[in-house]
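Enquirer: Quick one, what's the 3D model for this:
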Amino acid sequence: MKTRFKLLTLAIGVMASCSALAGDYPMTITDVSGQTITLDHQPQHIALGTARNFPLLEIVYGKNAGKHVVAMRDDMKISAPSMYEFYTNKYPNLKKVPEIGKISKGQFDAESFIQMKPKPDVLIIGTSSMNSAKEKGLVKKLNDAGIQVITADFREQTIKNTMTSVIYVAKALGYEDRGKAFADYYTKHLNVITDRIAKAKDLKPKTVFMETAAGYTLDSCCNTYAGGNMDDFITLLKATNIATKPLGGAHSGNISPETIVAENPDVYIMQTAGWVDKKGNSMKGIPLGYAANDAAIKAATKTLMDRSWLQASNANLTGSVFSIYKPFYNSPYNLVALEHFAKWIRPELFKDLTPEQTFVEMNKTLANSNVSGLFGIDNVDVIQ
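Expert: Numbering: from 1, shown residues only. Alright, predicted model coming up:
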């Protein structure tokens, strides 16, 4: 494992070194979707198909990230309000940039996008949006208008694509050294986990369930993933996701409370956040994030823990129910979630990991940003 990840980083570094430093344009890259992109000048105006990917731009641009954003979706405002408040306080212009629609839902207005002032040089989107954009002929239309479309994937093949996505976006924008610094940091921390797992003898079998939108609605349960997303972390830690068989090969789906009770997982992890609806009203998720409110977190956690089918679970009885800040599922900072998962699923191997410190350090050293907050919790401890 260790050698493989070192070789991956080395390969990325070699590919990145094949081009000259910032300003060497025209430049051609191949992004994680396999699409070849040629940029004839260094991009200055960036649009985000997912606003929650803004941390990627801080990794690339540091304290200048805000001034490069000319358009983005409204998903950070709704799905990660504490993140939105944090970044808009730092970069007030983000409140004023035009909002764009979701490509996969047919909400993206290409004509208006092309006519924006300043005109976007680059649109960064996820894998599913890229697939939709290609099918609709949107990529060609934007390319013909002088706008390049680049894929950054942090959720479909999380571990495989995170470093590569950062490397190639950074390279395309003219800051490949910052992309390489991110990959080096990510690899160093990832190897700590893979090395210990590889060397561990007689690993105890562990079953895990991951509820991917805990508290988004209390009327149904439970949306989950099997393959990609944070399921990659479960697999890496040599544990079994109880959703894999019931979903029958599907990437995501719903598992009934009865199935969870029958499978009785050893570890239960909630992906959650302090969501708000379109009107700004708070929903029922646990408000983890950049502006942690202990009382609100405790109340929301108790509501979710009081669900009858969870009360009797082995995970609850053994104190192995946890919550992670959901926006990490689509972020270059997903390493923080992986370290939390390692501590929760394999505590005998990873008690010394400090994921909250990793988050602070990544922001400080890689993005020139000072952060605070609460991003992962032991649910049982919180409500006691």
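Enquirer: Test my guess that residue 272 contacts residue 213.
Expert: Yes. With contact defined as C-beta atoms under 8 Å, residue 272 counts as touching residue 213 (7.3 Å). The way it works is simple: take the backbone N, C-alpha and C, and place the C-beta from them, glycine included.
Enquirer: Next, show the common contact partners of those two.
Expert: Common contacts of residue 272 and residue 213 (C-beta atoms under 8 Å, 6 or more residues apart in numbering): 285, 326.
Enquirer: For the residue nearest the centre of the chain, which non-adjacent residue is spatially closest?
Expert: Geometric centre of the chain, nearest residue: residue 330, 2.2 Å, by C-alpha atoms, centre = their mean. Once flanking residues are discounted, residue 330 sits nearest to residue 155: 4.7 Å by C-beta to C-beta, 6 or more residues apart in numbering.
Enquirer: wait, residue 329 sits on residue 232?
Expert: No. Counting by C-beta under 8 Å, residue 329 stays clear of residue 232, with 10.3 Å between them.
Enquirer: Mutual contacts of those two, please.
Expert: residue 158.
Enquirer: re the thing from before, out of residue 272 and residue 213, which sits in the busier spot?
Expert: Ranked by neighbour count (other C-beta atoms under 10 Å), residue 272 and residue 213 place residue 272 first, with 28 against 20.
Enquirer: For the more buried one, list the residues it contacts.
Expert: 213, 214, 215, 216, 285, 286, 288, 304, 323, 324, 325, 326.
Enquirer: what's the helix or strand for the closest residue to residue 354 other than its chain neighbours?
Expert: Distances taken as C-beta to C-beta, 6+ apart place residue 339 nearest to residue 354, at 7.7 Å, with adjacent residues excluded. Using DSSP states H and E, residue 339 maps to helix 334-345.
Enquirer: and that helix, how far out from the chain's middle?
Expert: 13 Å (C-alpha atoms, centre = their mean, to the nearest Å).
Enquirer: Need the residues that contact it.
Expert: By C-beta under 8 Å, 6+ apart, the list of residues contacting helix 334-345 reads 154, 158-159, 162, 186, 189-190, 193, 206, 208, 230, 233-234, 236-237, 239, 267, 269, 320, 322, 324-325, 328-329, 349-351, 353-356, 358-359, 362, 375-376.
Enquirer: next one: stretch 135-146
Expert: With C-beta under 8 Å, 6+ apart, stretch 135-146 has contacts from 35, 103, 108, 110, 113-114, 119, 121, 123, 130, 132-133, 148-149.
Enquirer: same check, this time on stretch 123-133
Expert: 32-33, 35, 46-50, 53, 56, 102-104, 113, 138-139, 142, 147-156, 169, 330.
Enquirer: Which one of the contacts of residue 272 is nearest to residue 98?
Expert: residue 326 (25.8 Å; C-beta to C-beta).
Enquirer: Which secondary structure elements does the lengthiest helix in the chain sit against?
Expert: Using DSSP state H to define each element, the chain has its longest helix at helix 176-199. Taking 3 or more C-beta pairs under 8 Å, 6 or more residues apart in numbering; DSSP states H and E as contact, the helices and strands that helix 176-199 lies on are helix 2-17, helix 54-61, helix 158-172, helix 231-236, helix 334-345, helix 347-350, helix 355-367.
Enquirer: Tabulate the ones you listed (a markdown table), appending distance to residue 41.
Expert: Formatted as a markdown table, those follow (distance: least, C-beta to C-beta, whole Å):
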| stretch | distance to residue 41 |
| --- | --- |
| helix 2-17 | 19 |
| helix 54-61 | 16 |
| helix 158-172 | 11 |
| helix 231-236 | 36 |
| helix 334-345 | 31 |
| helix 347-350 | 45 |
| helix 355-367 | 25 |
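Enquirer: How is the protein divided into domains?
Expert: The chain breaks down by automatic domain parsing into domains covering 2-186, 203-383.
Enquirer: right, so of those, which gets closest to residue 197?
Expert: Here domain 203-383 is closest among these (C-beta to C-beta), at 5.9 Å.
Enquirer: Columns distance to residue 312 and mean neighbour count on top of the helices and strands packed on helix 176-199, output as JSON lines?
Expert: Shown next, in JSON lines, are the helices and strands packed on helix 176-199 (distance: least, C-beta to C-beta, whole Å; neighbours: other C-beta atoms under 10 Å):
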{"stretch": "helix 2-17", "distance to residue 312": "40", "mean neighbour count": "14"}
{"stretch": "helix 54-61", "distance to residue 312": "39", "mean neighbour count": "24"}
{"stretch": "helix 158-172", "distance to residue 312": "31", "mean neighbour count": "24"}
{"stretch": "helix 231-236", "distance to residue 312": "22", "mean neighbour count": "22"}
{"stretch": "helix 334-345", "distance to residue 312": "20", "mean neighbour count": "24"}
{"stretch": "helix 347-350", "distance to residue 312": "23", "mean neighbour count": "15"}
{"stretch": "helix 355-367", "distance to residue 312": "29", "mean neighbour count": "18"}
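Enquirer: Much appreciated, bye for now.
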